[in-house]
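1. here's a sequence, model it:
(chains A, B, C and D)
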Number of protein chains: 2
Amino acid sequence: MARLPLYYRALVEVAEQAVGTVSSEQLASLAGVNAAKVRKDLSYLGSYGTRGVGYDVDYLMREITQELGLTQDWPVLIVGLGNLGRALANYRGFGARGFRIVALVDADPEKVGQCIGEMTVETLGDLPAIVAERRVAIAVIATPAHAAQEVADRLVEAGVRSILNFAPAVVSVPEGVSIRKVDLATELQILAFYQQHREHV
Amino acid sequence: MARLPLYYRALVEVAEQAVGTVSSEQLASLAGVNAAKVRKDLSYLGSYGTRGVGYDVDYLMREITQELGLTQDWPVLIVGLGNLGRALANYRGFGARGFRIVALVDADPEKVGQCIGEMTVETLGDLPAIVAERRVAIAVIATPAHAAQEVADRLVEAGVRSILNFAPAVVSVPEGVSIRKVDLATELQILAFYQQHREHV
DNA sequence: GCGACTTTGTGATCGGATGCACAAGCGGCT
DNA sequence: AGCCGCTTGTGCATCCGATCACAAAGTCGC
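-> Residues are numbered from 1 along each chain as shown, chains lettered A, B, ... in the order given. Predicted structure coming up:
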């Protein structure tokens, strides 16, 4: 389920307070969801809580850590180093959870060779070699919209099977490849939409 | 519905090709959804297509533009100018759709007074005045997680009723305020989760 | 050791979104 | 003018996730 990361974060908060067990109600309020949902999700991955007490914080954290693959190291590749790509390259929030940025790639010859943080921008043509050598599992597309589909195709061809797309474009990938989209302008538009309709009423 | 922005983008693409009408099938494939869904969504907002022909591109675009509030100017405020906040401040993708960044705010005295792009960072204390004077409708939270809830509270108090939260934290707001969350680390974790489960099978 | 209380796990229900399939309507061709 | 093919709009069945509610199970106090 896509809610596990939420629970994980909630658990980290709980663990900081050195509490031994946590109830589904507490977790639910920390994660901002319904308590029954928490229980069902946790039961789904076979984790056992103790009735009358709750869930053992340490044990549950280990379970979720394992389930999410946080024990592994996930090499991440970023394609496209405009404003957004550069920000992602410098973003510290990733490292903490096992995501390590191992390569930056751009099609623009002007950008190739530039240093960003501690990394050097490489050329799009080297994708296959980079992916293979550094065992890239996840790629982030931060290119302009018109380049997104082609980049995705090349990524898939190079062997990447998980893509996070920030470009405002619909990108289709073959079966067996996961893609998720984060679209900033759309998010703002949805907010604007609701706000406008609130004002109208 | 939250799919209108998708349709809008698809329509922009169609309009560039100087085509007069578009069928629900075409729109569906461009937006990556089912054709019946497109028709239902469009009928929901009362837009009329012509049977046997399709939808008039210009007319439909005007309708959606209006419905989404793209005719309006939406002043946007960004709180928190770490890596992510700075990138958002420089991001060009917003302006095109009526979103105009009118203020940058940070709690850190070191950052107050800095120039980013063509704007100067202001202090968190001035929030109420900034929001009121510049008629801020939408605020973006790009602070660290631990500050997110307090910032949200102050935003709501200052009169903001739409918030886009990039901080990896659950933020609760009173009734009548919309909040949407974009969590980069979570997105990566979801991808990692699926990938791990694919490998296990 | 027993009863009351707490909390989990899950069967049942509900609602909303999704997709199918088809009738109604429109344009174009003869 | 009439027919044919195409596309919309929508009723209906389906499905999936969310929520409720309750029994099972365990703890704590006496």
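2. got the buried residues for stretch A:120-132?
-> Using 16 or more other C-beta atoms under 10 Å in any protein chain shown as the test for burial, stretch A:120-132 gives A:121-122, A:124, A:127, A:130-131. Where C-beta positions appear, they are placed from N, C-alpha and C, glycine not excepted.
3. which two of those have the greatest separation?
-> Spanning the widest gap among these are A:V121 and A:V131, at 15.8 Å by C-beta to C-beta.
4. follow-up on the earlier one: which of the buried residues of stretch A:120-132 fall in strands?
-> A:121-122 (DSSP state E).
5. any chance of the buried residues of stretch A:120-132 in TSV, plus pLDDT and distance to A:A18?
-> Putting the buried residues of stretch A:120-132 into TSV (pLDDT from 0 to 100; distance: C-beta to C-beta, whole Å) gives the following:
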residue	pLDDT	distance to A:A18
A:V121	98	44
A:E122	98	45
A:L124	96	49
A:L127	97	46
A:I130	98	43
A:V131	98	42
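6. tell me the one of the buried residues of stretch A:120-132 nearest chain B?
-> Lowest distance from chain B to the buried residues of stretch A:120-132 (C-beta to the nearest C-beta) belongs to A:V131, with 13.8 Å.
7. show the contacting residues for the closest one.
-> Contacts for A:V131 (C-beta atoms under 8 Å, 6 or more residues apart in numbering or on different chains) come out as A:77, A:155, A:158-160.
8. one more pass at 10 Å, please.
-> A:V131 makes contact with A:75, A:77, A:102-103, A:105, A:137, A:139, A:154-155, A:157-160, according to C-beta atoms under 10 Å, 6 or more residues apart in numbering or on different chains.
9. burial measure for the closest residue to chain B within chain A, as a count.
-> Nearest residue of chain A to chain B: A:A87, at 3.0 Å (C-beta to the nearest C-beta). A:A87: 22 surrounding residues under other C-beta atoms under 10 Å in any protein chain shown.
10. beyond the one helix or strand it maps to, next helix or strand please.
-> Assigned by DSSP states H and E, A:A87 falls within helix A:83-90. Sequence-wise, the next helix or strand downstream of helix A:83-90 (DSSP H and E) is strand A:99-106.
11. which stretches of chain A form helices?
-> Secondary structure of chain A (DSSP state H): helices at A:4-16, A:24-31, A:35-44, A:57-68, A:83-90, A:127-134, A:145-158, A:184-200.
12. need these in TSV with distance to B:L60, can you?
-> Output for the helices of chain A, formatted as TSV (distance: least, C-beta to C-beta, whole Å):
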stretch	distance to B:L60
helix A:4-16	38
helix A:24-31	40
helix A:35-44	38
helix A:57-68	42
helix A:83-90	30
helix A:127-134	38
helix A:145-158	20
helix A:184-200	16
